[in-house]
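Asks: the following comprises the amino acid sequence and a computationally predicted model.
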Amino acid sequence: MATRDRRKLALDLRVERFPYHQPFRISGHVFSETALLVAEIVDGEHRGRGEGAGVYYLGDDADHMLAEAERVRSAIEAGATRDDLQELLPPGGARNALDCAYWDLEAKRTGRPVWDLAGLPEPRPLRSTLTLGADTPEAMAAASRAIDPLAPVKVKLTGDVDEDAARVAAIRAARPQAWIGVDANQGYRRETLPALLEVLVEHRMAVLEQPLPRGQESDLDGLKRPLPFAADESALSLADTPSLVGRFDVVNIKLDKCGGLTEGLAIARQARQLGLEVMVGNMMGTSLSMAPSYLVGQLCDIVDLDGPTFLARDRTPGVRYRDGMIHCSPEVWGH
């Protein structure tokens with residue numbers, strides 16, 4: 001919202017929980033639900049909505065997000081703007097929920113969709129990956145055959161070279177022509193990574209996401225990258241982006257990490273200037289999380305916005321997945 005618009009606002013906050021169809025496993029974690037902070041900013045006539053899923057590996061859970069949002073309630077209700085919010089809160093799920101609520105409120109006030117306010121072209125459907133949680137090779141191969149045959153596939157690894165090699169081989173055999181990327185979720189070390197890379201090249205993997213733990217980025221110095229490396233946990237916010245050059249080829253933008261659409265768009269534009277490719281991901285939110293990320297996706301090379309497909313229920317109206325694409329109608333958010 002424009003800095004000059006400082007009318008008083010009301011802030012509604014709540015935590016909502018969305019269970020998964022079945023547990024979802026990645027390196028070091030198993031998830032059964034997503035707990036979301038829902039923020040609504042109201043000016044008396046218009047109501048803007050946003051949600052945040054937080055960042056589990058930073059302790060940014062529902063309680064933390066709620067406390068962070070409550071901490072700035074008085075400033076928001078006194079008329080703080082979206083520009084002010086960038087200074088009031090650090091990156092994280094609370095700022096994401098509030099930032100997106102501000103964007104939605106501005107769209108309703110002005111009668112202009114968020115994409116137009118953000119200087120983006122009218123959104124188009126995007127080809128989005130569908131993710132396979134870590135499981136036995138047989139189960140993952142079967143799951144890869146069961147999903148949309150036109151969708152790119154993202155595969156979660158666990159950090160065990162032999163088990164991950166078997167997973168990759170089984171999924172490639174099941175989907176011989178598919179675009180397949182893998183996500184190590186910080187599960188490898190410099191000494192174990194070369195063996196994994198051999199397997200990934202053999203089975204034509206398109207990208208390797210976050211091979212090493214955050215904080216060990218310098219271990220990638222001098223390492224030959226036979227396929228593109230994508231930074232996820234190593235790329236939380238705009239401040240991290242310059243340090244990725246030479247170690248990664250792709251930056252994965254997640255609005256919960258960087259604190260909202262405002263910074264997500266800034267990262268996408270900065271990454272392009274630095275010669276990095278751009279990916280948009282998600283922290284398993286509902287369609288209310290996917291809609292602003294969908295706008296970032298308009299600037300991206302890789303799109304991973306499949307969070308609602310894991311949920312036992314989603315919001316209505318919601319995004320739709322068809323023919324390998326994610327479709328987000330204006331009614332979902334930001335119009």
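Replies: The structure has been received and is ready for your questions. Everything quoted here is computed from the prediction, not taken from an experiment.

Asks: in this structure, which spans are strands?
Replies: 10-26, 29-42, 47-52, 126-127, 130-132, 153-156, 180-183, 208-209, 229-231, 250-253, 277-280, 302-303, 320-322, 325-327 (DSSP state E).

Asks: and residue 198, which of the ones you listed is closest to it?
Replies: strand 208-209 (12.0 Å; C-beta to C-beta). For every residue, glycine as well, the C-beta is placed using N, CA and C.

Asks: what strands flank the closest one, and is each parallel or antiparallel?
Replies: strand 180-183 (parallel), strand 229-231 (parallel) (DSSP bridges).

Asks: just name the most buried of these.
Replies: strand 229-231 (a mean of 26; mean count of other C-beta atoms under 10 Å).

Asks: right, and residue 234 touches residue 209 too?
Replies: No - applying C-beta atoms under 8 Å, one finds residue 234 not in contact with residue 209, separated by 10.0 Å.

Asks: tell me how far the ends of stretch 53-62 are from each other?
Replies: The first and last residues of stretch 53-62 sit 7 Å apart, counting by C-alpha to C-alpha, to the nearest Å.

Asks: how far out from the middle of the chain is stretch 212-219?
Replies: Per C-alpha atoms, centre = their mean, to the nearest Å, the displacement of stretch 212-219 from the mean C-alpha position of its chain is 20 Å.

Asks: quick one: residues in contact with it.
Replies: Contacts to stretch 212-219, defined as C-beta atoms under 8 Å, 6 or more residues apart in numbering, come from residues 57, 184, 186, 188-190, 193, 220, 233-234, 243-244, 247.

Asks: report the contact partners of the most centrally placed residue in the chain.
Replies: In the chain, the centroid-proximal residue (C-alpha atoms, centre = their mean) is residue 282; its distance is 2.2 Å. Residue 282 makes contact with 53, 254-256, 289-290, 293, 304-307, according to C-beta under 8 Å, 6+ apart.

Asks: again with residue 185
Replies: Applying C-beta under 8 Å, 6+ apart to residue 185 gives the contacts 26-29, 156-157, 209-210, 232-233.

Asks: hang on, residue 127 packs against residue 153?
Replies: No - using C-beta under 8 Å, residue 127 makes no contact with residue 153, being 11.7 Å away.

Asks: what touches both of these two?
Replies: With C-beta under 8 Å, 6+ apart, residue 127 and residue 153 have no common neighbours.

Asks: among the two, which residue is more densely surrounded?
Replies: residue 153 (24 against 15; other C-beta atoms under 10 Å).

Asks: distance of that one relative to residue 321?
Replies: 13 Å (C-beta to C-beta, to the nearest Å).

Asks: can you map out the helices along the stretch 101-250 of the chain?
Replies: 114-117, 137-146, 161-174, 193-202 (DSSP state H, counting those that start in this stretch).

Asks: how about TSV for those, with distance to residue 49, mean neighbour count and mean pLDDT added?
Replies: Shown next, in TSV, are the helices of the stretch 101-250 of the chain (distance: least, C-beta to C-beta, whole Å; neighbours: other C-beta atoms under 10 Å; pLDDT from 0 to 100):
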stretch	distance to residue 49	mean neighbour count	mean pLDDT
helix 114-117	12	18	98
helix 137-146	33	16	98
helix 161-174	37	19	98
helix 193-202	40	17	98
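
Asks: the ones you listed: which one's closest to residue 42?
Replies: Of those, nearest to residue 42 by C-beta to C-beta is helix 114-117, at 17.5 Å.

Asks: residue 296 contacts residue 255, correct?
Replies: Yes - Residue 296 is in contact with residue 255 according to C-beta under 8 Å; the separation is 7.3 Å.

Asks: residue ranges with poor pLDDT in this structure?
Replies: Scanning the chain for pLDDT under 70 picks out 1-7.

Asks: closest one of the contacts of stretch 212-219 to residue 148?
Replies: Distances from residue 148 to those, taken by C-beta to C-beta, are shortest for residue 184, at 24.1 Å.

Asks: show the buried residues in the contacts of stretch 212-219.
Replies: 184, 186, 188, 193, 220, 233-234, 244, 247 (16 or more other C-beta atoms under 10 Å).

Asks: export the residues you listed to TSV and tack on distance to residue 144?
Replies: Shown next, in TSV, are the buried ones among the contacts of stretch 212-219 (distance: C-beta to C-beta, whole Å):
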residue	distance to residue 144
184	18
186	23
188	22
193	24
220	29
233	25
234	27
244	29
247	30
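
Asks: rewinding a little: top of the contacts of residue 282 by neighbour count?
Replies: residue 255 (35 neighbours).

Asks: which residues touch that residue?
Replies: Residues near residue 255 by C-beta under 8 Å, 6+ apart: 52, 96, 99-100, 261, 264, 282, 289, 292-293, 296.

Asks: hmm, residue 89 and residue 262 touching each other?
Replies: No - using C-beta under 8 Å, residue 262 is not in contact with residue 89, being 11.5 Å away.

Asks: picking up where we left off before, from the contacts of residue 282, which ones fall inside helices?
Replies: 255-256, 289-290, 293 (DSSP state H).

Asks: how about the residues you listed, which pair is most distant?
Replies: It's 256 and 290 that sit farthest apart of these, by C-beta to C-beta, at 12.0 Å.
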